[in-house]
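*Asks:* build me a model from this:
(4 chains)
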Protein chains: 2
Amino acid sequence: MVTASRTGSMVTIKDVARKAEVSVATVSRVFSGANAVREETSQRIRDVAAQLHYTPHVGARSLTTSKTHTLGVLLPDLYGEFFSEIIRGIDVAARRSGYHLLVSSSHSDAREVDDAVRSMRGRVDGLMLMSPDLDAKPMVDALPEGQPVVLLNSAIRQPGVASVRIANKRGAKEMVRHLIAHGHKRIAIITGAKQNIDGEQRRSGYRAALTEAGIAPDPRLEIQGDFTEDSGYDAGRTLLASKASRPRAIFAANDAMAIGALSALREAGVGVPEEIAVAGFDDIPTARHLSPPLSSVHVPIAELGERAAEILIAGLTNRRYPARHETLRTTLVIRGSCGPPGHA
Amino acid sequence: MVTASRTGSMVTIKDVARKAEVSVATVSRVFSGANAVREETSQRIRDVAAQLHYTPHVGARSLTTSKTHTLGVLLPDLYGEFFSEIIRGIDVAARRSGYHLLVSSSHSDAREVDDAVRSMRGRVDGLMLMSPDLDAKPMVDALPEGQPVVLLNSAIRQPGVASVRIANKRGAKEMVRHLIAHGHKRIAIITGAKQNIDGEQRRSGYRAALTEAGIAPDPRLEIQGDFTEDSGYDAGRTLLASKASRPRAIFAANDAMAIGALSALREAGVGVPEEIAVAGFDDIPTARHLSPPLSSVHVPIAELGERAAEILIAGLTNRRYPARHETLRTTLVIRGSCGPPGHA
DNA sequence: CCCTCTGATGTAAACGGTTACATTTTGCGC
DNA sequence: GCGCAAAATGTAACCGTTTACATCAGAGGG
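*Replies:* Model (predicted):
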C-alpha cells in the first residue's frame, strides 16, 4: 500500500501541476470549475489528481475567495429535542444550498458569544444566533459590523438584524382560550425560566386570554418553573397543596414541565382531566405517548431552523436582501389531557 | 455609528500593524501568544486592535499552522433523539479541549461520504464517522491515507482505525434472558433495518439468549422492522394475527418500534404485560413515560459521542497514540412493560 | 570604549489556493 | 503560408497569517 511520504504531508495543487506538466493555474481552473481548459488537458489533470488522491484544500481556497460555504450556529445548549430539531431544520436548508454547519454551544453570556463569534471569523459566511434570554442585546451589539446574522427566538428585534421567532404569545393565548371554553375559570400556569423570552411571552399569552374572558389573574396560580421536568413536578405539588386555591386546569409553559406536573397529579391520585386538566407547550414527540396524551401547542421547531438558514443564505447570496423578521405560527393540538374530545 | 469602509472588508493584521506602527510579525506574536514582545508594545497593539475591532482570521492562521482546532462529524442522519445525543456528547468533549464541530449529515453511501470528507479537507483536524451500515468498508477505504478518524457504531473493525461501539449483542442478550427468566418461552423480536449493524447485533443477542436457554428460534417470531414506529406497529399487528404462534413477549430492536408495537397491542385490547410483555432498546427519554413504562436496554449515547471525540483528540494531540477500539456497555432498565416489578 | 550577548523587532518566505493579465497556441479565412 | 482573433495556458500577485532568520538596540564585561 502506497502511503504519503509522511502523515499529514498531503498532496497539493503543485504536486498535481508538476506531474501533469501544467501550471498550477490550469489545475486550479479544472477544480474550480472554470471553463477555458481544453478537454484533453482537463482529463489528464483529473487523472493525475485521482492517482495522487488530490483534494483541494478548502481552507486555502476560502482565503482567496473569502467564501467558506459554511454557516455558523450558536446555540445556548445542545440538550433535548428542541435543539436537535433546530439543527436538523438548519441542516436541511443548508445542505439544500450546499452549505456546511459549524456549530457551537453553551453560550450563556455576551462574553461567551463574543468569543465564539471571534473564533468563527474567517470560517463562516454567516451566523445564526439563538439567544432566548431577555438580555440578548449586548450579545448582538458585540457582533462585528458587517457580520451577516439571523437571530432565532431572540428577545430583541433590531431593524438591521434578521430574525425568526415563534408566535409564543398567540399560541399560549389560544391554548388558554381553549381551556376557558371548557368551562374552566381557575387556570394555573407553570411559567418558564425567568429571563427567558419564550417563557415570558407564553405567560403573557396566558394572561391575555384570561383578561379577555374577564377572569382576573390570580398570582397564586402563577408558579415559577424553569422548563425542567423537576420544576414542573414541584410546581404541581405546590398547586395541589393550596387547598383554597386549587386550580381546575394547569397550563405549563413547556411539555417537560407538563410531564412533571402530570407525575405529581398521578402521585396524588388526582384524575386528569376530570379533576384537573393539563396542557403543555412545544408538542415534543413524547407528548402524544403520555397517558393521558398531552394537549400541547405545536411548535414548528425544525421549520424555525430551516427558515433562519434560508433567510441567512438568501442574504448571503443576494447582498441587499432586506433583513426579514418572521414569526412562525403554532398550532393547537388537543389530546386527552385537557378534556374529553369534542367537548369544546 | 462607524461602519467598516465596506461590508466584508474586514480589518486585517496589516491594518493593526500600520496603526500601531509595528510590523505584522509583532502583531502576530501578540495574538498567537508568543513571548518575545515587550509589555509596552504589546499593550499598544492590543489597544489598537480593540479600537479597530480586529479579530484574527482563523482560516488564514490554520493555513500556516495546519491546525484547525475543528472536528468533523459525519452522520447518516440528524433525525431523532439518538443523533442529537451523539452530537451533544461529542460537543462536550470537544469544547472541553477547545475544539469546534463541523457537522455534516445524510451520508448513505460511500460516494456521499467521500464527497463530505473531501469537502472537509483543510477544515478539520480529524473526523468522526458514523456508518451503521454493514457495508461500511468502502467508505472507510475511501478515506485519505493519513486522515485521523474515529468510527462510531461501525460494522468494520480495522486494525489502524479507532472505533467506539455499543455492546449491542450483550445488551440484547441480557434483555431476552430477563424475559426468559420471567418464564416466557415464546419471545418474538422486531428486528432493525436490514443492513444495519446495530439491528443485526441485537438480533444476534436475541438468538444467543434463546439458544442458551435451550429454546429453538422460531422464524415466525422474527419480524423485520426498520427502526420506525410505524414498522413496529405493523410488526405488532402481524404478530397478533398469527393465532397459532402468538408470542408471550416481544423484544423490539429499538424503542420507537416498541412504541409502535404497544399501540398495536393497545388497539387490539391485549394487556401489557399480562398477556404479552414488551421490551425495547435504546432507552430513549420517552420510554419511561409510556404506559406501561417501557423496559429497555439503556444505551449511553452521549457517552458514545464523548468517548469518540476524546479518542480522536488524544490521537491528534499525541501522534502515535494507538488506534483504540472501545465497546460501551449497556444497562438493563426494567419497567412495567415486561412484568410486575420484583418478579424475576 | 569596544565587543559580545541578549532581547525585541523587522523581513520575507511560506501555507495552498485563485485570478487578472501576459503570453503562447490554435484555428480559420484568405 | 500569413495574419489575426479566440482559446488555452503560464506568470505572478494576492488572500491573512506564522515563523525562521536577519537586524538592531542596549546591557554588561573587559
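
*Asks:* my guess is A:Gln201 is in a helix, correct?
*Replies:* Yes. Under DSSP: H, G, I helix; E, B strand; the rest coil, A:Gln201 falls within a helix.

*Asks:* residues contacting the closest residue to it other than its chain neighbours?
*Replies:* Closest residue in space to A:Gln201, ignoring its immediate chain neighbours: A:Asn168 at 3.6 Å, by CB to CB, 6 or more residues apart in numbering or on different chains. From N, CA and C alone the C-beta is placed, and that goes for glycine too. Applying CB atoms under 8 Å, 6 or more residues apart in numbering or on different chains, we find A:Asn168 in contact with A:Ile197, A:Asp198, A:Gln201, A:Arg202, A:Gly205, A:Thr330.

*Asks:* most neighbours, which of the residues you listed?
*Replies:* For the contacts of A:Asn168, the largest number of neighbours (other CB atoms under 10 Å in any protein chain shown) sits with A:Arg202, at 29 neighbours.

*Asks:* SS state for the residue lying closest to A:Gly336 once chain neighbours are set aside?
*Replies:* Distances taken as CB to CB, 6+ apart put A:Pro292 closest to A:Gly336, at 3.5 Å, once the chain neighbours are dropped. When classified by three-state DSSP, A:Pro292 comes out as coil.

*Asks:* hmm, A:Gly271 and A:Pro292 touching each other?
*Replies:* No. A:Pro292 is beyond contact range of A:Gly271, at 9.6 Å (criterion: CB atoms under 8 Å).

*Asks:* who has more neighbours out of the two?
*Replies:* Neighbour count, other CB under 10 Å: between A:Pro292 and A:Gly271, A:Pro292 has more, with 17 against 10.

*Asks:* show the pLDDT at the more buried one.
*Replies:* On pLDDT, A:Pro292 comes in at 93.

*Asks:* what does the stretch 51-200 of chain A put close to DNA strand C?
*Replies:* Residues of the stretch 51-200 of chain A that fall close to DNA strand C, judged by CB under 7 Å from any atom of the strand: A:Tyr54, A:Thr55, A:Pro56, A:His57, A:Ala60, A:Arg61, A:Leu63, A:Thr64, A:Thr65.

*Asks:* which members of those additionally contact DNA strand D?
*Replies:* Among those, the ones lying near DNA strand D by CB under 7 Å from any atom of the strand are A:Ala60, A:Leu63, A:Thr64.

*Asks:* and those, which are buried?
*Replies:* A:Ala60, A:Leu63 (16 or more other CB atoms under 10 Å in any protein chain shown).

*Asks:* between the ones next to DNA strand D among the residues of the stretch 51-200 of chain A next to DNA strand C, which is closest to B:Val124?
*Replies:* A:Ala60 (14.0 Å; CB to CB).

*Asks:* any weak-confidence spans in the stretch 1-150 of chain A?
*Replies:* Counting by pLDDT under 70, the low-confidence segments of the stretch 1-150 of chain A come to A:1-9.

*Asks:* residue ranges for the helices of it, please.
*Replies:* Counting by DSSP state H, counting those that start in this stretch, one finds helices in the stretch 1-150 of chain A at the ranges A:13-20, A:24-31, A:39-52, A:58-65, A:81-96, A:110-119, A:137-141.
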